[in-house]
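Undergrad: can you look at this prediction? I've put the sequence above it.
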Amino acid sequence: MTDDCVLSYFRSMSIEVKALLKEYGTQKAVNNISFKINKGEIVGFLGPNGAGKSTTMKIITGYLQADGGSAAVCDMDVKTNPLATKQKIGYLPESNALYYDLYVREYLHFVADVHAIENKKANIEKAIEQVGLTPEAHKKIAQLSKGYKQRVGLAAALIHDPEVLILDEPTSGLDPNQIVEIRNVIKELGKNKTVLFSSHIMQEVQAICDRVIIINKGSIVADDALSKLQSAAKNATVQVTFKEALEAEWLQRLPAAISVNKQDAYSWQIESSDEEFLRKQILSMAVEHNLNIVSLQSGNQSLEEVFRSLTA
């Protein structure tokens with residue numbers, strides 16, 4: 001492959017949305033949003049209920065028609081090339097509708113027929129192995145736990161080896177153990193595919209994604225690397241650990257402190273709009289009361305705090 005071909009490969013977009021608009025009566029469910037996702041990215045798509053996440057995903061996958069703007073997958077317009085783009089996409093909708101009376105392999109064989117896959121058996125077994133379905137693959141779908149039903153949906157999304165995965169709330173309703181298992185599956189899939197997924201679980205997004213898009217009331221309010229979103233948040237946090245045990249009131253009296261969160265008897269996380277001023281106050285307090293500071297360092301806001309500040 002020539003250098004020009006390599007550059008072309010890395011510049012090409014797996015997903016590109018331009019001025020996308022979807023209206024329901026007078027309500028703009030999606031309000032002229034635009035974003036691009038490069039090949040090989042795992043991007044978290046966040047927003048409150050009703051923000052427009054699922055609507056956007058349905059438009060990208062061709063399940064809904066936009067009222068304005070465009071969506072493209074692998075450099076092909078979704079509206080003008082509906083079948084070609086669907087061949088490039090693996091979609092797991094939030095509802096994950098399955099045929100409960102079918103056995104796992106029977107259902108996946110049906111999905112493989114829909115995609116007109118030639119080597120069905122090999123693709124089915126590969127998808128089962130990829131999502132960790134092997135121990136339960138001999139059962140009817142109705143007999144599976146919620147976590148394994150989600151794996152069946154993922155396997156169906158993977159059966160035709162798509163370049164792009166669009167996953168709408170893939171861990172909704174799962175217990176903590178199942179969430180970790182599905183999270184690991186998504187991380188593994190992200191090594192070879194572009195993944196756009198929505199979630200309400202902030203820890204999940206932090207564990208999987210390097211980039212986050214946040215949508216609120218149909219408009220994008222943030223689109224950046226996770227680390228940049230956290231560091232650019234309106235308020236900064238300082239983490240301080242003392243040798244001595246303190247009461248929260250000591251730190252709450254600091255003029256620069258907006259909120260004080262106890263991590264243990266010795267360690268605290270303090271939020272402030274002026275980090276430098278807060279640091280000076282902490283040092284002054286320590287000197288005045290003969291306290292020993294073990295550590296004093298900056299701490300980025302959690303994704304949950306960033307989310308609340310952008311969507312409140």
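TA: All right, it came through fine. Not measured: the values here are computed from a predicted model. Numbers count the residues shown, from 1 in each chain.
Undergrad: so which strand or helix has the residue nearest the centre of the chain?
TA: In the chain, the residue lying closest to the centroid (Cα atoms, centre = their mean) is Gly44, at 2.4 Å. Using DSSP states H and E, Gly44 sits within strand 42-46.
Undergrad: which is the succeeding secondary structure element to that strand?
TA: helix 53-61.
Undergrad: gap between the residue nearest to the centre of the chain and Lys86?
TA: Look at Gly44 and Lys86: by Cβ to Cβ, to the nearest Å, they are 23 Å apart. Every residue, glycine included, has its C-beta placed from N, CA and C.
Undergrad: over to Lys18?
TA: For Lys18, the distance to Lys86 - Cβ to Cβ - is 20 Å.
Undergrad: same thing with Trp268?
TA: For Trp268, the distance to Lys86 (Cβ to Cβ) stands at 52 Å.
Undergrad: neighbour-wise, which of the two wins?
TA: Trp268 (21 against 18; other Cβ atoms under 10 Å).
Undergrad: just the buried positions in the helix or strand containing the more buried one, please.
TA: Assigning secondary structure by DSSP H and E places Trp268 in strand 267-272. Across strand 267-272, burial judged by 16 or more other Cβ atoms under 10 Å covers 268-272.
Undergrad: check stretch 140-156 too.
TA: 141, 144, 147-156.
Undergrad: what about it, distance to the chain center?
TA: Offset of stretch 140-156 from its chain centre (Cα atoms, centre = their mean, to the nearest Å): 21 Å.
Undergrad: for stretch 254-274, same thing?
TA: 29 Å.
Undergrad: alpha carbons only: can I get that stretch in PDB?
TA: Provided in PDB are the C-alpha atoms of stretch 254-274 (Å, rounded to 0.1, in the frame of the first residue of the first chain):
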ATOM      1  CA  LEU A 254     -12.700  27.300  53.000                       C
ATOM      2  CA  PRO A 255     -14.000  30.200  50.900                       C
ATOM      3  CA  ALA A 256     -13.000  28.700  47.600                       C
ATOM      4  CA  ALA A 257     -14.600  25.300  48.300                       C
ATOM      5  CA  ILE A 258     -17.900  24.700  46.400                       C
ATOM      6  CA  SER A 259     -18.400  21.100  47.500                       C
ATOM      7  CA  VAL A 260     -16.400  18.700  49.700                       C
ATOM      8  CA  ASN A 261     -16.600  14.900  49.200                       C
ATOM      9  CA  LYS A 262     -15.100  12.500  51.800                       C
ATOM     10  CA  GLN A 263     -13.100   9.600  50.400                       C
ATOM     11  CA  ASP A 264     -12.000   8.300  53.800                       C
ATOM     12  CA  ALA A 265     -11.100   9.900  57.100                       C
ATOM     13  CA  TYR A 266      -7.900  11.300  55.700                       C
ATOM     14  CA  SER A 267      -8.700  11.900  52.000                       C
ATOM     15  CA  TRP A 268     -11.000  14.500  50.500                       C
ATOM     16  CA  GLN A 269     -12.000  15.700  47.000                       C
ATOM     17  CA  ILE A 270     -12.900  19.400  46.900                       C
ATOM     18  CA  GLU A 271     -14.500  21.200  44.000                       C
ATOM     19  CA  SER A 272     -13.700  24.800  43.300                       C
ATOM     20  CA  SER A 273     -14.000  27.400  40.500                       C
ATOM     21  CA  ASP A 274     -10.500  28.600  41.300                       C
END
